[in-house]
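Colleague: Let's see this in three dimensions:
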Amino acid sequence: MNRVLITGASSGIGLQLAQDYLFEGWQVVACGRSHDKLAQVLSGERVEYGVFDINDRDAAAGALSEVAPVDLAILNAGTCEYVNDAHAFDAELFERVVQANLIGTGNCVAAVLPRIKTGGRLALVSSSVTFVPLTRAEAYGASKAGVDYLARTLAVDLNAARVAVSLIRPGFVDTPLTRKNDFPMPGRVSPEQASRAIRRGLARGRSEITFPTGFIATLRLLSWLPHGLWLSLARRMKKEQA
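Modeller: Take a look at the predicted model:
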């Protein structure tokens, strides 16, 4: 039986992935900070729980040290906060977001790599925000850009150990986290659609998984603009939103 480990499995994309992999017959190691919350949404004989805070390196290592080897690990847990006023830059907010999304992911990588079978796969969830610099996304974008680089370098260095690496860069997904956003979210998809795209990409061995197609295509086109032109366009867009 195939085994998958998923962090951030108590809500949003992580929960949907866990439910869908269970439906497909996988054994699921569902990870989150609260055993009670995990048990409320995921249960059954094919579910195991890994309870730890991704920001606690020792807790992550301890919780996963006894987990049986897995075929696939999806490091999905993270957070999002936006900088409201760059002129009064919030260093504490910046630290919180980078700590969770980048350092926390690194803690999970260290803990889970020994548990991935030879020929298995490690998947890191980043974001489409890294295609272009977006207003107020200084902390979130910087943290996810770090995840991009981490995934791409791991893909090189883990090749000899026969562990494949996938980088997942979603657009907006309708989750409890994105529902806090106070701005338009073009191309927003459901957790079910996100899970389907991720599982299909992983099953096909994709090194990079992006969705939804139209939204990502637009971001790719914008990323090809000369920096000065994009800066002018972004400033205009910011003024229109004000």
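Colleague: Which elements pack onto the biggest helix by length in the chain?
Modeller: Ranked by residue count under DSSP state H, the longest helix found in the chain is helix 138-157. The elements that helix 138-157 packs onto, with contact taken as 3 or more Cβ pairs under 8 Å, 6 or more residues apart in numbering; DSSP states H and E, are helix 91-98, helix 104-112, strand 116-125, strand 164-170. From N, CA and C alone the C-beta is placed, and that goes for glycine too.
Colleague: Buried residues, it. List them.
Modeller: Neighbour-count burial for helix 138-157, with 16 or more other Cβ atoms under 10 Å as criterion, is recorded at 138-148, 150-151, 154-155.
Colleague: Assign the spatially closest residue to residue 20 that is not a sequence neighbour to helix, strand or coil.
Modeller: Leaving aside its chain neighbours, residue 20 sits nearest to residue 195 (4.9 Å; criterion: Cβ to Cβ, 6 or more residues apart in numbering). With DSSP: H, G, I helix; E, B strand; the rest coil as the basis, residue 195 sits in helix.
Colleague: For this structure, which helix or strand comes out least confident on mean pLDDT?
Modeller: helix 227-241 (a mean of 76; mean pLDDT, DSSP states H and E).
Colleague: Which residue lies nearest the spatial centre of this structure?
Modeller: residue 125 (2.4 Å; Cα atoms, centre = their mean).
Colleague: Below-threshold pLDDT in this protein: ranges please.
Modeller: 237-242 (pLDDT under 70).
Colleague: if I pick the residue nearest to the centre of the chain, what's in contact with it?
Modeller: Contact analysis of residue 125 by Cβ atoms under 8 Å, 6 or more residues apart in numbering lists 13, 74, 75, 76, 78, 147, 168, 170.
Colleague: nearest to residue 228, of these?
Modeller: If you rank these by distance to residue 228 using Cβ to Cβ, residue 147 comes first, at 27.4 Å.
Colleague: gap between the closest residue to the closest one other than its chain neighbours and residue 133?
Modeller: Once flanking residues are discounted, residue 147 sits nearest to residue 126: 4.3 Å by Cβ to Cβ, 6+ apart. Using Cβ to Cβ, to the nearest Å, we find residue 126 at a distance of 15 Å from residue 133.
Colleague: Of these two, which one has the most company?
Modeller: The residue with more neighbours, out of residue 126 and residue 133, is residue 126; 25 against 16, by other Cβ atoms under 10 Å.
Colleague: The more buried one and residue 79: what is the separation?
Modeller: Distance from residue 126 to residue 79, counting by Cβ to Cβ: 13 Å.
Colleague: Looks to me like residue 216 is in a strand.
Modeller: No. Secondary structure of residue 216 (three-state DSSP): helix, not part of a strand.
Colleague: Hmm, residue 130 and it touching each other?
Modeller: No. In this structure residue 216 lies outside contact range of residue 130 using Cβ atoms under 8 Å: 11.4 Å.
Colleague: which residues are common contacts for the two?
Modeller: Taking Cβ under 8 Å, 6+ apart as the criterion, residue 216 and residue 130 both touch residue 169.
Colleague: re the thing from before, ok and the longest helix of the chain relative to helix 104-112, angle-wise?
Modeller: Interaxial angle of helix 138-157 relative to helix 104-112 (axes from the mean of the first three to the mean of the last three Cα atoms, to 10 degrees): 30 degrees.
Colleague: just how off-centre is helix 138-157 within its chain?
Modeller: Centroid separation for helix 138-157 versus its chain: 11 Å, with Cα atoms, centre = their mean, to the nearest Å.
Colleague: Repeat that for stretch 87-106.
Modeller: With Cα atoms, centre = their mean, you get 15 Å for stretch 87-106.
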